[in-house]
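[1] model this:
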Amino acid sequence: LHTTFTSWKGAAENGRRGRAITRRFVGRWHNKLVFSSFVTWRDMTLESIRHEALVFKYANRLVNSHLCKVLVAWSAFTKQQNRYRLLVGRFRRRMLNVQASKAWGSWQDFVDQ
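    Residues are numbered from 1 along each chain as shown. You can find the predicted model right below:
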């Protein structure tokens, strides 16, 4: 009876130990699968973020180049408009001076007579 009980106890301990080893092995294997899935997901996400950053960078570069061209054209246009405004102002002052001069000259002629 003692040998039977000892055999059963050894088998039970081996069974518990075997189940524990099996549980640890399955857990590690499962963790390995989960971890590799996580690593794959992380790499895919990082690549997606990097790709979006590159697209954003080049889109901004394209937009900024068009805005720069528009800004240069607008700047040239405003400089030309300011130059025209200055020239028209000078011409207007000359004409006013000429008219005032004519009026002054005709008044002097009237007084002198």
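
[2] how about the helices in the chain?
    2-112 (DSSP state H).

[3] dead centre of it: give me the residue that sits there.
    The geometric centre of the chain, computed from its C-alpha atoms, lies nearest to Phe56 (CA atoms, centre = their mean), at 5.1 Å.

[4] just for the chain, where's the confidence low?
    By pLDDT under 70, the weakly predicted segments of the chain are 1.

[5] roughly how far does Gly18 sit from Val72?
    In this structure, Gly18 and Val72 are 80 Å apart, going by CB to CB, to the nearest Å. Every residue, glycine included, has its C-beta placed from N, CA and C.

[6] make that Ala53, sorry
    Noted for Ala53: a distance of 28 Å to Val72, by CB to CB.

[7] ditto for Ser7
    When CB to CB is the yardstick, Ser7 and Val72 sit 95 Å from each other.

[8] next one: the residue of the chain positioned farthest from its centre from Thr45, what distance?
    Relative to the average C-alpha location in the chain, and by CA atoms, centre = their mean, no residue lies farther out than Gln113, which sits at 81.7 Å. Spatial separation of Gln113 from Thr45 under the definition CB to CB is 100 Å.
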